[in-house]
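**Q** Predicted model and sequence below, questions to follow.
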Amino acid sequence: MIIAIDGPAGVGKSTVAKLLAARLGYLYLDTGALYRAVAWKVLQSKVQPTDHAQVAGLLQTTSVQMQFHNSAMQVLVDHRDITSELRTPDVTSAASIVSAIPEVREWLLPIQRQIGQRGSVVAEGRDVGTKVFPTAPLKFFLEADATVRAERRHRELVAAGHGGPIETTYQDLSGRDKRDQSRPIAPLTPAADARPIDTSTLTVEQVVEQMMAAVSAAS
Ligand code: DC
């Protein structure tokens, strides 16, 4: 069973997906972490994230692996554990840019599907329901008001020690939304068979409860 969870930035995807996976005893596949890993390598190599050819070329000499230890996940780039470096603002911004490069998406596809093959996976990310796991039996598309999403993301950043003004978070988020929705490759759109959940006024617990009910009904 693969459960696919998509939706825009700051909607609470990761929190909800992690919790749902823990409840069900499933693996949590954070696909965004893989795009962030590529972005990390790009920045580390002093390549411009916008330089498609160079980014694509860099992939030839890059290895990205995800390891799972109970519920904890580690991301290795070229066999080095860079998990703690994936959520800086620089990596976040570069990940949004490199994720629009077709070669990057194609390169990450088999890595994601291989993890999916283990079964019992909650996969979270922009195109997991439409492209990576199109036949997943259960798909959710989370939505929330942009201001609510900016507030949530800002709280996360502050907690991680990267907090700036909330206006900056709002603008970053709007910019990413626009880029993610308008890009020709894998734009942010719900799969036709995805169940929408508006999380604006729901607690994390309420969202997970709705999902658990759908899982019970489907199995
Ligand atoms: O979910 P996140 O913020 O960790 O994702 C980082 C970036 O990667 C984000 O800009 C969207 C992109 N991404 C993507 O294009 N496809 C995915 N399946 C996951 C993330």
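**A** Ah, there it is.

**Q** who in the protein is up against the ligand?
**A** Counting by C-beta under 6 Å from any ligand atom, the positions of the chain adjacent to the ligand are 9, 31-32, 35-36, 95-96, 99, 125-128, 176, 180. C-beta here means a position set from N, CA and C on the backbone, and glycine is covered the same way.

**Q** Apply 5 Å and report the result again.
**A** Proximity of the chain to the ligand is confined to T31, G32, Y35, A95, S96, S99, G125, R126, D127 under the rule C-beta under 5 Å from any ligand atom.

**Q** Is the closest residue to G7 other than its chain neighbours in a helix, a strand, or coil?
**A** Taking C-beta to C-beta, 6 or more residues apart in numbering, and ignoring the residues beside it in sequence, G7 has L142 as its nearest neighbour in space, at 3.5 Å. Reducing the assignment to helix, strand or coil with DSSP: H, G, I helix; E, B strand; the rest coil, the entry for L142 is strand.

**Q** I'd like the distance between the most centrally placed residue in the chain and L109.
**A** The geometric centre of the chain, computed from its C-alpha atoms, lies nearest to G32 (C-alpha atoms, centre = their mean), at 3.0 Å. Counting by C-beta to C-beta, to the nearest Å, the gap from G32 to L109 is 15 Å.

**Q** dump the residue contacts of the residue nearest to G7.
**A** With C-beta atoms under 8 Å, 6 or more residues apart in numbering as the criterion, the residues that contact L142 are I5, D6, G7, V11, G12, K13, V16, P196, I197, T199, V207.

**Q** My understanding was that the third one contacts S14; is that so?
**A** No - proximity of G7 to S14 does not meet the contact threshold set by C-beta atoms under 8 Å, at 10.2 Å.

**Q** Pick out whichever of those two has more residues nearby.
**A** Taking G7 and S14 together and counting by other C-beta atoms under 10 Å, G7 has the greater number of neighbours (26 against 17).
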